[in-house]
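S.K.: Sequence and predicted structure below; questions after.
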Amino acid sequence: MMRLLTALIVTCAIILPASFAFAEEYTVSQKKRRFDPKQLNVKPGDTLLFVNDDRYAHNLFTDSPGFEFDVRKQMPGDKYQLKIEKRGTFEIRCVIHPRMIMTVVVE
């Protein structure tokens, strides 16, 4: 019984960290009142880093069900990190600049 428990603990110690080790960070630039890139395909566990490279303030938000967030005012040079938790598709927009739209597909 003790051997089985030890083998289980060793297996978990190897597999669990490896499953999180492959999370990626994607940088999304906000410049000229646009998101760059306009679409991203990511996985749960990945992180999006939004950087305001523009001369204007922005307001990142989504009201897509299950993904809701609102960054409020993001000044030039500000950064915001968003950790992706679950699968699905959602749009990120800017309240200040309604044509700024980005699609995130979480596979």
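M.R.: Structure's in. What do you need? Numbering: from 1, shown residues only.
S.K.: could you measure the nearest residue to Glu24 once chain neighbours are set aside against Phe90, distance?
M.R.: Closest residue to Glu24 apart from its sequence neighbours, by Cβ to Cβ, 6 or more residues apart in numbering: Asp46 at 5.0 Å. Yep, even glycine has a C-beta here, placed from its N, CA and C like the rest. Here the criterion is Cβ to Cβ, to the nearest Å. By it, Asp46 lies 14 Å from Phe90.
S.K.: what do those two both touch?
M.R.: Counting by Cβ atoms under 8 Å, 6 or more residues apart in numbering, the shared contacts of Asp46 and Phe90 are Val106.
S.K.: now the helices for this protein?
M.R.: 2-20 (DSSP state H).
S.K.: Quick check: pLDDT value at the residue nearest the centre of the chain.
M.R.: For the chain, the residue nearest the mean C-alpha position is Leu48 (3.3 Å; Cα atoms, centre = their mean). Predicted confidence (pLDDT) at Leu48: the value is 97.
S.K.: Does it touch Val104 like I think?
M.R.: Yes. The pair Leu48 and Val104 qualifies as a contact (Cβ atoms under 8 Å) at a distance of 7.2 Å.
S.K.: shared neighbours of the two, which are they?
M.R.: 40, 42, 84.
S.K.: what's the burial count for the last one?
M.R.: This means Ile84. Residues within reach of Ile84, counting by other Cβ atoms under 10 Å, total 21.
S.K.: close enough to count as contact, it and Leu40?
M.R.: No. Look at Ile84 against Leu40 with Cβ under 8 Å: they stay out of range, at 9.5 Å.
S.K.: Common neighbours of these two, please.
M.R.: The contact lists of Ile84 and Leu40 share 48, 104, where a contact means Cβ under 8 Å, 6+ apart.
S.K.: Need the nearest residue in space to Val28, chain neighbours excluded.
M.R.: Val28 sits nearest to Phe50 (Cβ to Cβ, 6+ apart), 4.9 Å away.
S.K.: Can you give me the neighbour number for the one you found?
M.R.: Phe50 has 22 neighbouring residues, counting by other Cβ under 10 Å.
S.K.: shaky segments in this protein?
M.R.: 1-21 (pLDDT under 70).
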